[in-house]
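**Student:** pasting the sequence and the predicted model now:
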Amino acid sequence: MTAEQQRLVNNLSKKIPMEQWGPYVSERQWGTVREDYSELNDAWNYFPFDQAYCRAYLWGEDGIAGISDFFQNLCFAVTLWNGKDPILKERLFGLGNRQGNHGEDVKELYYYLDNTPTHYYMKYLYKYPQRKFPYEDIKKENALRTRAEPEYEILDTGIFNNNEYFDVTITYAKYDAKDIFIKINIRNCFSKKASITVMPTLWFYNRSSNQNLAEKPMITGISQTSVKATHQRLGTYYLYFQPADTTFFTDNETNTEKVTGLPNTTPFVKDAFHEAIINKKLVTELHERNAGTKFAPVYNYTIDGGESKNIYLRLSNKELHNAFEENFENVFIVRKAEADEFYNAILQKNISSELKNIQRQAFAGILWSKQYYHYDVEKWLTTSDGITPVSVGKLTGRNHEWKHLKNQHVILMPDKWEYPWYAAWDLAFHCIPMAMLDASFAKHQLTLIMREWFMKPDGQLPAYEWHFSDVNPPVQAWAALQVYRIEKSTTGHGDINFLKRIFHKLVINFTWWINRKDASGNNIFQGGFLGLDNIGVFNRSIEIPGNHRLEQADGTSWMGMYALNMMDMALEIAMADETFEDAATKFFEHFVLIAEALNQQGLWNDTDKFFYDILSLAGSNSIQLQIQSIVGITTLFAVSTIQKKVRDKLPDFKKRITWFEHYRKKNNRFWPNEERDDRERILLSLVPQERLKNILQHLLNEEEFLSPGGVRALSKYHEKNHYQVTVDNIEYTIQYDPGDATSNLFGGNSNWRGPVWIPINYILIQSLRKYGEFYGDDLMVECPAGSGIVMNLKQVADELAKRVISLFKKDEEGNRRIYGKDNWFYKQPGNEHLILFYEYFHGDNGYGLGASHQTGWTSLVATLINELEKRNE
């Protein structure tokens, strides 16, 4: 057992299996719903980036490479200034939703280089321009561009040409759980000397809960190289630092003069450091002050071209007389070696250094994506932020039906800048790669979202803070099984208690779906956009005028998959606890009814050999929406096999399904399963074999769904064959858009009309592998279609995995598909190893699009690499 694995074992004794200190600081707190107290729910304009430097947050903090304790009482992050910018670089810059031609987007270069589950070793790289940061250029140029044009990115500005920037690398190495060494390396990548100011910043989170403390938290100077941070609940911590040019103290309080026009009662406000460093005001006052809730030592350097400087600090709960003893740098060496040892132990042996680098950075990304998330909806609705009074509009506006929701946890975020809030279905995917690293934390995250301060009393799960009542695909049961199996394959032990605990809550959620999303009671389900944003020809989450109803192939398929996952879970538990046997029978029979509805109620088009949504028009005939998209592909996701040994051990289950099969066949009713000749396994799937082969002909056709980087969300067929439908004299159109969204649906910041999305590809690959394990060489298909290359479905699954992985791999010329036109930058010396994990990928060339640090679900590529390499051993 490695040192890191031993620390994870030690965490099992904790109520919450995690470390007190970690990378829990968000990368964007402004522009979030939590900070929006406006009457009209205008989060982007109510708290914009332009106020973030001078306005205190109420529900969290943000910073660059930030760390905090798990209740975010005390935070640490890095602040920079190149001598030219109008503001200090305290946080990452990006555009709000209405500023970007494709919605919100971060416009910075930063990379998660390394991390371990206990955060005993963490490494982060930020690239800081030496010239004036192009804030206005980025705003102006993106405002001029249309939806049809690409985004104007930071590399497009030319600011990084000629290597005129600093590499700022922040490394954390824990001496123990509450004693953290910090190294800030600033390297001048340019050929000429350049100046930079570095301010390692320590501050207390200013939140309304502090009003309940008997004493206000305070950071106090105790020497020229140390301060003491005292907090009633957290206790006392010390920040030790090397001699600095000066030190500043202020308070993490809003500059009311700048935000509201009201005079400040004190000059010691949140942006006082900006005034001192940039405008040369308050310098003496800040230095002479010896206490506050925000502190920073100030280091001014002029660094020769190609040279670097190091700054060392130590954040500890120990009072030390010599914080930097001889050879203290060894702690970084030791923790890095332990990180290497940990990853060597859990990853496949003998894989290429290229694949290992992809995995290591993917895992680093998901670990850096842990974030403290605080949101009490009832309190948020009924109180003021001190700027805007409580209004009727807010009381009856966004999320007012979720007053029970009271979250204050460290949660895996989709992207800590673009999506600094949890999303129910994203979180399920995050837990799969997390299970390879820290199965206990993955299980904790899945059960957390099911708790009564998340789940609504009626069983609905919260989608995300922009609209908790939106409906995402119900993938939690599938994810729970994935996590369970990953841990069991790793340790040899399956956590049945985890399955039991989550099963009970999933039953409540499953019941909510049945009662709320099957309007006709015919096992055909709705659900709205179901996480696929603009996949439909119109917004599937908004009711079309005229009382029409949309019956969804994907809604029905997700529910078929849900029922099958619940059956699988119940069977696994029943092998140890027979009281779950009848639950397995219940979900088996429910699955059969959903499969029957999917196949026999008009969703299948026998001409196109594909499943489509149906629009039921009031007082008229229904319309099949003939859009070949991932909506029809989801029908392949629900597949499972039941082993003979399971059936033999559960006689009641075996008896019931045998009777159910005989009854339905005798009465000419639909029956979904196939049974092998050796009678060892029963296959359960939503689609019969013939329809499976029909769908695969579309899926594996490079002129339709199959791209060099995986399966597209919308068929390339619609590039030349646009789909149009007229409803109540309104014409709706959809076409293949392989890149950024050209529609305005859901803010235009994501696109499901052609690009490749890794979570969908991951589920598809897992499903095809299950089919392949059952059919073997009895079912062979051409892959790609028309190529003459014949494969079984396990081989098809491997081929799809290879295509997804190829997005991130270097080709013979050192280019990565994800970087496209920007490969010139990533071929520069020192940048060759840097990898970003985008939200989605261009359907034709694989260029990375959307959020650039979506190491939540895009880190699934690391899992695919592990699975593929394991089979190749």
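**Tutor:** Yep, it's here. Residues are numbered from 1 along each chain as shown.

**Student:** what pLDDT does the model give the residue of the chain positioned farthest from its centre?
**Tutor:** Here the centre of the chain is the reference, and by Cα atoms, centre = their mean the most remote residue is K666, at 48.1 Å. Here the pLDDT value assigned to K666 is 95.

**Student:** pull up the gap between it and W659, please.
**Tutor:** 10 Å (Cβ to Cβ, to the nearest Å). Heads up, the C-betas are built off the backbone N, CA and C, glycines and all.

**Student:** residue ranges with poor pLDDT in the stretch 651-800 of the chain?
**Tutor:** Along the stretch 651-800 of the chain, the model assigns pLDDT under 70 to residues 677, 745-748.

**Student:** which parts of it are helices?
**Tutor:** 651-666, 689-699, 758-775, 793-806 (DSSP state H, counting those that start in this stretch).

**Student:** could you do the stretch 51-200 of the chain as well?
**Tutor:** So, for the stretch 51-200 of the chain - with DSSP H, counting those that start in this stretch - the helices run 135-144.

**Student:** what's the answer for the stretch 351-500 of the chain, then?
**Tutor:** With DSSP H, counting those that start in this stretch as the criterion, the stretch 351-500 of the chain has helices spanning 353-368, 377-382, 392-395, 424-437, 439-448, 476-491, 496-516.

**Student:** comparing the ones you listed, which comes out most buried?
**Tutor:** helix 424-437 (a mean of 26; mean count of other Cβ atoms under 10 Å).

**Student:** so for it, mean pLDDT?
**Tutor:** 97.

**Student:** angle of that helix against helix 758-775?
**Tutor:** 70 degrees (axes from the mean of the first three to the mean of the last three Cα atoms, to 10 degrees).

**Student:** tell me the pLDDT at V804?
**Tutor:** At V804, pLDDT is 98.

**Student:** ok, it touching L864?
**Tutor:** Yes. Judged on Cβ atoms under 8 Å, V804 makes contact with L864 at a distance of 6.0 Å.

**Student:** between these two, which contacts overlap?
**Tutor:** Counting by Cβ atoms under 8 Å, 6 or more residues apart in numbering, the shared contacts of V804 and L864 are 762, 765.

**Student:** for V334, find the nearest of the helices of the stretch 651-800 of the chain.
**Tutor:** Among these, the nearest to V334 by Cβ to Cβ is helix 793-806 (32.3 Å).

**Student:** for stretch 245-255, measure first residue to last.
**Tutor:** 26 Å (Cα to Cα, to the nearest Å).

**Student:** same question for stretch 58-70.
**Tutor:** 16 Å.

**Student:** what residues of that stretch count as buried?
**Tutor:** 58-70 (16 or more other Cβ atoms under 10 Å).

**Student:** hang on, S391 packs against E39?
**Tutor:** Yes. Under the criterion of Cβ under 8 Å, S391 makes contact with E39 at 4.0 Å.

**Student:** right, and A563 touches F591 too?
**Tutor:** Yes. Using Cβ under 8 Å, A563 is in contact with F591, at 4.0 Å.

**Student:** centroid-nearest residue for this structure?
**Tutor:** P414 (1.8 Å).
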